[in-house]
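Asker: Pasting the sequence and the predicted model now:
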Amino acid sequence: MSTANARLLQEPGRSPILRIGPARSWAALNLRELVEFRELLYFLVWRDIKVRYKQTALGFAWALLQPLFMMSIFTLVFGRFGKLPSDGVPYSVFTLAALLPWQLFAHALNESSNSLVASERLISKVYFPRLLIPLAAVLGGLADFGVSLLLLAGLMAWYGIVPGIAVLALPVFTVAAILTAFAVGLWLSALNVQYRDVRYTLTFLTQLWMFATPVAYSASLVPAEWRALYGLNPMVGVIEGFRWALLGRSTPPGVELLTSAVAVTLLLVAGLYYFRRVERTFADVI
């Protein structure tokens, strides 16, 4: 545990005691700790996946049913009744290609925001990099995401949509969705330790964020002069990137993707520093 703060306490007549705790300087992120504790990260991710589907009748089928029902409702309300444009592809495919990364993000954000409070006993008993807890909560959603991609692949095959070479960029946008959820989850999970109001506002925040993201509609509806400002929502670049990679659009997202990348980078770096600054108080406050 080389990057932790270790002190050898020696009292006369007593055996020496090695006290291990987080580094005192919060300016050093010490991200190398995450590599040193990678096995713990694996077990935390596996624990979250097993707990999610423990004693469920349908198991991983929920990963297919949830986006299927959401796609059906969106197609009926916004596609058939609202007549929203879908950039020349069937609306069901258009919205499902956005729902999958959105649900990956929303699930990861919800789980990571509540992860520290849910791990109260673990945090108060032993030292390890606290960053592992929200990170494991975020990564646990990749299992559902992988299963739900099968639904999208089947729907695209039904409509005869074959992705081009741009599909190779899909992992990049998947990582972008994970990093966005992790960046925001760092802020909310740390704040949730001190202010439990966070869990009550999380549902409202997620719903509001979804309507500010082109899940049910196309980003082309946003006037060109507002695109850069619109891209400050990091999920705009992720959603538009998914549609470009999967649905064969001729041009990749431009200014929205660049602005989203800058926004998520700033959120992530600031979130890491804030998390490191307050993590030393988690065991006392939680």
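Answerer: Arrived safely. Worth saying up front: this structure is predicted, and the values here are computed from it rather than measured.
Asker: how many neighbours does residue 40 have?
Answerer: By the criterion of other CB atoms under 10 Å, residue 40 has 15 neighbours. All C-beta atoms are positioned from the backbone trio N, CA, C, and that covers glycine.
Asker: what do you get for residue 171?
Answerer: 10.
Asker: So for it, what's the pLDDT?
Answerer: What the model reports for residue 171 is a pLDDT of 93.
Asker: buried stuff in whichever strand or helix holds it?
Answerer: Per DSSP states H and E: residue 171 is located in helix 170-194. Buried residues in helix 170-194, counted by 16 or more other CB atoms under 10 Å: 170, 173-174, 176-193.
Asker: Can you get me the centre-to-centre distance for that helix and its chain?
Answerer: Its chain's average C-alpha position is 4 Å from that of helix 170-194, according to CA atoms, centre = their mean, to the nearest Å.
Asker: I'd like to know which elements it is packed against.
Answerer: If contacts are counted by 3 or more CB pairs under 8 Å, 6 or more residues apart in numbering; DSSP states H and E, helix 170-194 sits against helix 91-113, helix 115-118, helix 132-139, helix 142-158, helix 197-211, helix 234-247, helix 255-278, helix 282-285.
Asker: mind redoing it with 7 Å?
Answerer: With contacts defined as 3 or more CB pairs under 7 Å, 6 or more residues apart in numbering; DSSP states H and E, helix 170-194 has these neighbours: helix 91-113, helix 115-118, helix 132-139, helix 197-211, helix 234-247, helix 255-278, helix 282-285.
Asker: Okay, angle between the third one and helix 91-113 too, please.
Answerer: Here helix 132-139 runs at an angle of 170 degrees relative to helix 91-113 (axes from the mean of the first three to the mean of the last three CA atoms, to 10 degrees).
Asker: buried ones in helix 132-139?
Answerer: Across helix 132-139, burial judged by 16+ other CB under 10 Å covers 132, 133, 134, 135, 136, 137, 138, 139.
Asker: Format those residues as a markdown table; extra columns: distance to residue 160 and pLDDT.
Answerer: Shown next, in a markdown table, are the buried residues of helix 132-139 (distance: CB to CB, whole Å; pLDDT from 0 to 100):
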| residue | distance to residue 160 | pLDDT |
| --- | --- | --- |
| 132 | 44 | 90 |
| 133 | 44 | 90 |
| 134 | 41 | 92 |
| 135 | 39 | 92 |
| 136 | 39 | 92 |
| 137 | 38 | 91 |
| 138 | 35 | 93 |
| 139 | 34 | 92 |
